[in-house]
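Sequence and predicted structure below; questions after.
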Amino acid sequence: METPLGAVRGLGSAREGARNWWHERLSSIATLLLSIWLLVSLLRLPSLDYAIVAEWLSSIVNASAMLLFVAGTFWHIRLGMQVVIEDYVHEEGSKTFLLLLLNFAVAVALAVAVVALLKLAVGGSAA
Amino acid sequence: MARNTARPVSPHLTHYRWGPHMLVSILHRITGAGAAIAGGILLVWWLAAAASGPEPYATYVKVATNPWMLIIWVPLSWGVIQHTLSGLRHLVMDIGAGFELNANRTFAVATLVGSVLLTALLWLYLLGVI
């Protein structure tokens, strides 16, 4: 039961909890599978030197899998950190600030990672 | 008055007897938040460095392989493994299984033992011991 005043003030359930919960599970399973791929791939590379990593990420398959790993991971980070912030930060100003910071940080991280991966996959050598 | 410890305890934070399930529950959030921040930065920086060329990549490698960075890498690897194992425990509990007292406690302890063992195994392998 939400009073009209409560709705105006943004109090009470935002009715998005179930979707957040379900997407957190989806992203956790996606990230789990992709992180197994990433771990096995990294351990199988002869070294993590520049030439080897750049060559490895220039493959369409590897770049695509890495892009999905990054997207799934940051999606999961965004959902999980949102819940942690909402559960422990009760002061309205700090909460809003941290949620904004979270969303901006995730957006920046995603943008940098995606552009980097596209450059590695499409662009040839940066040197 | 002596308390019968076999009886259920009052549902309030300061009256709960700490158990492995409570530790694993809060560790899930701590490891998740820690790994998100430290791991997120190191992952994006690594990809950006690889895309920017040999010199930026060399800078990343120099920082990442500094022995002091083990203070970040070892807890980060343990945190990701602990978060993964307790995440699997959560997926089991999400389908309504594993809530019996003994099973719940056993799964909780198993994530703790498993994460320490797997972290040790990973680092013994990375350092070339095995």
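The structure has been received and is ready for your questions. Numbering: from 1, shown residues only, chains lettered A, B, ... in the order given.

what's in contact with stretch A:29-44?
For stretch A:29-44, contacts defined as Cβ atoms under 8 Å, 6 or more residues apart in numbering or on different chains pick out A:48, A:56, A:62, A:65-66, A:68-69, A:72-73, A:76, B:80, B:84, B:87-88, B:91, B:125. (Glycine included, C-beta is placed from N, CA and C.)

Need the mean per-residue confidence for that stretch.
Per-region confidence: stretch A:29-44 scores 96 on mean pLDDT.

Only alpha carbons, please: show it as PDB.
Provided in PDB are the C-alpha atoms of stretch A:29-44 (Å, rounded to 0.1, in the frame of the first residue of the first chain):
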ATOM      1  CA  ILE A  29      25.400 -17.200 -15.000                       C
ATOM      2  CA  ALA A  30      26.600 -15.400 -18.200                       C
ATOM      3  CA  THR A  31      29.600 -14.000 -16.400                       C
ATOM      4  CA  LEU A  32      30.500 -17.300 -14.700                       C
ATOM      5  CA  LEU A  33      30.600 -19.100 -18.100                       C
ATOM      6  CA  LEU A  34      32.600 -16.400 -19.800                       C
ATOM      7  CA  SER A  35      35.000 -16.100 -16.800                       C
ATOM      8  CA  ILE A  36      35.800 -19.800 -17.100                       C
ATOM      9  CA  TRP A  37      36.600 -19.200 -20.800                       C
ATOM     10  CA  LEU A  38      38.700 -16.200 -19.900                       C
ATOM     11  CA  LEU A  39      40.700 -18.000 -17.200                       C
ATOM     12  CA  VAL A  40      41.400 -21.000 -19.400                       C
ATOM     13  CA  SER A  41      42.400 -18.800 -22.300                       C
ATOM     14  CA  LEU A  42      44.700 -16.700 -20.200                       C
ATOM     15  CA  LEU A  43      46.400 -19.700 -18.600                       C
ATOM     16  CA  ARG A  44      46.800 -21.300 -22.100                       C
END
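
Report the buried residues of that stretch.
A:Ala30, A:Thr31, A:Leu34, A:Leu38 (16 or more other Cβ atoms under 10 Å in any protein chain shown).

how close does the last one get to A:Lys119?
Using Cβ to Cβ, to the nearest Å, one obtains 19 Å as the distance from A:Leu38 to A:Lys119.

swap in the third one?
A:Leu34 is 21 Å from A:Lys119, where distance means Cβ to Cβ.

again, but for the second one
Counting by Cβ to Cβ, the separation of A:Thr31 from A:Lys119 is 23 Å.

how many neighbours does A:Ala111 have?
Applying other Cβ atoms under 10 Å in any protein chain shown, we find 11 residues neighbouring A:Ala111.

Next one: A:Leu32 relative to B:Val113, how far apart?
For A:Leu32 relative to B:Val113 (Cβ to Cβ), the value is 20 Å.

all helices in chain B, in order from the N-terminus.
B:20-52, B:54-64, B:70-94, B:101-126 (DSSP state H).

can you tell me which of those comes nearest to A:Ile85?
Judged by Cβ to Cβ, the one of the helices of chain B that comes nearest to A:Ile85 is helix B:20-52, at 9.2 Å.

Just the buried residues of the closest one, please?
B:20-21, B:24, B:27-29, B:31-36, B:38-40, B:42-52.

What confidence value was assigned to residue 101?
As the question left the chain open, I've gone with chain A. So A:Leu101 comes in at 98 (pLDDT).

oops, I was thinking of chain B
87.

Likewise for A:Met1?
63.

Flag the shaky bits of chain B, pLDDT-wise.
The model of chain B has pLDDT under 70 over residues B:1-3, B:8-15.

Show me which residues of it are close to chain A?
Listed as neighbours of chain A in chain B under the rule Cβ under 8 Å from any Cβ of the partner chain: B:29, B:32-33, B:36, B:40, B:43-44, B:47-48, B:50-54, B:57-58, B:61, B:80, B:84, B:87-88, B:91, B:94, B:125.

For chain A, just list every one of the helices.
With DSSP H as the criterion, chain A has helices spanning A:4-8, A:17-44, A:50-56, A:60-88, A:92-122.

Looking at the contacts of stretch A:29-44, which is nearest B:Trp68?
Of the contacts of stretch A:29-44, the one sitting nearest to B:Trp68 (Cβ to Cβ) turns out to be A:Leu48, at 18.6 Å.

No further queries at this time; thank you.
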